[in-house]
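Peer 1: Turn this into a model:
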Amino acid sequence: MERVVAEANVRARQRLGWLVVAAVPVLFAAYLAISRGVGVNSDGASNAIQAWDMLHGNVLLSGWTVTDVSFYTNELLLFALVEAVYGYHADTTHAVAALVFTLLVLVVAAAAKGRATGREAVFRVAVAVAIVAVPALGFAAVTQLSSPDHTGTAIPLLLTWLVLERAKPGRWVPYAIAAMLAWGQIADPLVMYIGVLPLIAVGGFRALRGKEWRGLDARLVLAGLGSVLLAQATMYAIRLAGGFGAHAAEAMLSPVADLGKHLWLGARVLAVNFGAYPPDREGPAGVAMSLLHLVGLLAALAAMAVVVSRALRRRHSERLDELVAAGILVNVGAFVVSALPTDLLSARQVVAVLPLGAVLAGRVWGPRLASSQRTLVPAVVVLALLGAELAAHATAPSKPGHAVDVADWLESRGLRYGVGEYWNANNITVLTGGKVQVAPVVAGERIAAYRWESKADWYDAGAHDATFLVVDTRNPASRTEAVARAQFGPPVSRHAFDGAVVLVYDRDLLVGLPAYCVPEMAPSIEECPSHGFPLFG
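Peer 2: Below you'll find the model as predicted:
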């Protein structure tokens, strides 16, 4: 009998493996099509330029200042891989976005499956994939399939938890976990909050509960602390070696009076990320599908509640489940008490809840669904609906992204170097495959070089002749054009586009250009203060 069961499990694993092999190219193609409909923005374009620079010898990104998130050991490596194979052009960011989301779905499926086999493994994976694999159009697609925006951060985190779950006991395990968490933190400091803090809390709680002060859980607490030191030391070493600088992450607490508003915003952005936000949908069918995705969101939240309840009641629960649940609680809690969230685009700050929640839902509800013989038909129907939805999203008509017309015009006119407001700068560079370069500037009382996703030598008047300024006109209250005319004088010509204006000059706009170093101003980019210690700025 045991032999029959073992053979059945082997066959099930083989079928699941072939299903994955068949699904990967389909998912990638669908995500690529959805991403193309979103367009190229300057965040993703900046990462594409950085990876291209790395491929051409600037491995440490010398001269670069990134944001508070470097993506250096995660998405930038994928950008470099894609550019080495596919090239550096307008489609690069879309290919990387599709690759990241495809990898995310695969890692979520692996984490949801855990050690389960047979029918239970199938249902665990099916539940998790059903929740995570079909991004909605609108705000969800902008968050998940436009540029690295914490979406891929769950990949190294879940891989870390998988190693912890599946590794054979040994003294090396805490060291491996510390190294993997440091890898994630170098790419995105969010890992410190949704990975390290949960590891310390869960490890400490389990050690206290089991009164094992020298066991694995106690050593994992030390591994979490060590990972922060290792990540910060690595970032500092990169800086000392002449590599990129990074801004410190902002951390501002919201006034108590705003907590209710932030809680409501948190509920809405979670709905956006899970595809359960009806205003982001079109037509009755779209609204109906948002309700189906709402079931996924509620299943994830309920699974988290189950795991937390088990832990508090000292009932058996898997360590991975507790780590993921704690990560969700920290991420959502930080969102609610932070002063930074403002609108639905803040969904990026809790986008990790989608894959983490999908993993929990698969691990908690998959076994229960697998134990019933009445769940197969409803499961097939749900997966068929989701497959049809993904196909509809992938084939939906799209319009050209922002600044495509500007990029085409600049290239056709032979204008090769200029400056532009942030959302009209690096994206234009990538849209033209580097044939036109637009260095980002920021407009306040004066137009200034922007030390944010930029390279210092872009603003060297001795090396470049910037003869145009791209102004973003999508904000009716913008005074950028007036500031430019006061600072640089009247342009030789003015050309209006959809959401942008190009001012062409017969002088180099880099001469005497001040710099916004974030948060201070300086007479030039060279006079910006050096970056501080990575964690604190």
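Peer 1: Please, which helix or strand holds the closest residue in space to D508 that isn't next to it in sequence?
Peer 2: Sequence neighbours aside, D465 is the residue nearest to D508 in space, at 4.8 Å (criterion: C-beta to C-beta, 6 or more residues apart in numbering). Just so you know, the C-beta spots here come from the backbone N, C-alpha and C atoms, and that holds for glycine as well. D465 is part of no helix or strand when elements are defined by DSSP states H and E.
Peer 1: L415 versus D465, what's the distance?
Peer 2: Distance, D465 to L415, by C-beta to C-beta, to the nearest Å: 11 Å.
Peer 1: Report all helices and strands that the lengthiest strand in the chain contacts.
Peer 2: Criterion DSSP state E: the longest strand present in the chain is strand 437-443. Judged by 3 or more C-beta pairs under 8 Å, 6 or more residues apart in numbering; DSSP states H and E, strand 437-443 is in contact with strand 417-421, helix 426-431, strand 447-450, strand 468-472, helix 480-488.
Peer 1: What pairs with that strand, parallel or antiparallel?
Peer 2: strand 417-421 (parallel), strand 447-450 (antiparallel) (DSSP bridges).
Peer 1: Just tell me which of the ones you listed ends up closest to N47.
Peer 2: The minimum distance between N47 and those falls on strand 447-450, with 16.1 Å, by C-beta to C-beta.
Peer 1: Could you identify the helix or strand that succeeds that closest one?
Peer 2: strand 454-455.
Peer 1: which residues are in contact with that following strand?
Peer 2: With C-beta atoms under 8 Å, 6 or more residues apart in numbering as the test, strand 454-455 has contacts from S46, D53, G63, W64, T65, N426, A439, P440.
Peer 1: how does it look with 10 Å?
Peer 2: With C-beta atoms under 10 Å, 6 or more residues apart in numbering as the test, strand 454-455 has contacts from 46, 49-50, 53, 58, 61-66, 244, 422, 425-426, 439-441, 515, 525.
Peer 1: Likewise for stretch 484-496?
Peer 2: Taking C-beta under 10 Å, 6+ apart as the rule, stretch 484-496 contacts 406, 409-410, 413, 419, 441, 443, 445-448, 467-471, 473, 479, 481, 501-507, 509, 511-514.
Peer 1: Quick check: buried residues in it?
Peer 2: Across stretch 484-496, burial judged by 16 or more other C-beta atoms under 10 Å covers A484, Q487, F488, P491, H495.
Peer 1: how would you label the fourth one: helix, strand or coil?
Peer 2: Using DSSP: H, G, I helix; E, B strand; the rest coil, the three-state assignment for P491 comes out as coil.
Peer 1: Once you drop chain neighbours, what's closest to it?
Peer 2: Nearest one to P491, counting by C-beta to C-beta, 6+ apart, is L503 at 3.9 Å.
Peer 1: about what we covered before: from memory the residue nearest to D508 sits against L510, does it?
Peer 2: Yes: at 7.7 Å, D465 and L510 qualify as touching, with contact defined as C-beta atoms under 10 Å.
Peer 1: Overlap of the contact sets of these two?
Peer 2: Y417, G418.
Peer 1: Neighbour count for those two, which is higher?
Peer 2: L510 (24 against 14; other C-beta atoms under 10 Å).
Peer 1: Please report the distance of the more buried one from I525.
Peer 2: Going from L510 to I525 by C-beta to C-beta gives 9 Å.
Peer 1: Tell me, how many residues neighbour L55?
Peer 2: For L55, using other C-beta under 10 Å, the count is 15.
Peer 1: Got phi/psi on the nearest residue to it once chain neighbours are set aside?
Peer 2: Once flanking residues are discounted, L55 sits nearest to A80: 5.4 Å by C-beta to C-beta, 6+ apart. Dihedral pair for A80: phi -60, psi -40, per degrees, to the nearest 10.
Peer 1: Would you confirm that A80 contacts Q50?
Peer 2: Yes: counting by C-beta under 10 Å, Q50 is a contact partner of A80 at 8.9 Å.
Peer 1: about what we covered before: tell me how many other residues crowd the residue nearest to L55.
Peer 2: Burial measure for A80: 20 neighbouring residues, criterion other C-beta under 10 Å.
Peer 1: Flag every buried residue along stretch 78-91.
Peer 2: L78, F79, A80, V82, E83, Y88, H89, A90, D91.
Peer 1: so where's the stretch 251-400 of the chain shaky on pLDDT?
Peer 2: For the stretch 251-400 of the chain, no stretch has pLDDT under 70.
Peer 1: ok, which stretches of it are helices?
Peer 2: 259-273, 283-312, 319-337, 353-370, 376-394 (DSSP state H, counting those that start in this stretch).
Peer 1: Let's have these in JSON lines, adding distance to W161.
Peer 2: Converted to JSON lines, the helices of the stretch 251-400 of the chain look like this (distance: least, C-beta to C-beta, whole Å):
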{"stretch": "helix 259-273", "distance to W161": "20"}
{"stretch": "helix 283-312", "distance to W161": "13"}
{"stretch": "helix 319-337", "distance to W161": "5"}
{"stretch": "helix 353-370", "distance to W161": "9"}
{"stretch": "helix 376-394", "distance to W161": "25"}
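Peer 1: Which among the ones you listed is found nearest to G203?
Peer 2: Nearest to G203 among the helices of the stretch 251-400 of the chain is helix 319-337; the distance by C-beta to C-beta comes to 8.5 Å.
Peer 1: Next, the angle from the closest one to helix 283-312.
Peer 2: Put simply, helix 319-337 runs at 120 degrees to helix 283-312, going by axes from the mean of the first three to the mean of the last three C-alpha atoms, to 10 degrees.
Peer 1: Helix 259-273 and helix 319-337, what's the angle between them?
Peer 2: Using the same axes, to 10 degrees: helix 319-337 against helix 259-273 is 130 degrees.
Peer 1: Quick check: buried residues in helix 319-337?
Peer 2: Buried-residue list, helix 319-337, by 16+ other C-beta under 10 Å: 319-332, 334-337.
Peer 1: Show me how far it is from its chain's centre.
Peer 2: From the chain centre to the centre of helix 319-337 is a distance of 17 Å (C-alpha atoms, centre = their mean, to the nearest Å).
Peer 1: G210 and G138: what is the separation?
Peer 2: 46 Å.
Peer 1: And these two? Which one has more around it.
Peer 2: Higher neighbour count among G210 and G138: G138, with 18 against 12, using other C-beta under 10 Å.
Peer 1: so what's the backbone phi/psi at the more buried one?
Peer 2: phi 90, psi -140.
Peer 1: again with the one 10 residues further on
Peer 2: Summarising the backbone geometry of P148 under the convention degrees, to the nearest 10, its torsions are phi -60, psi 120.
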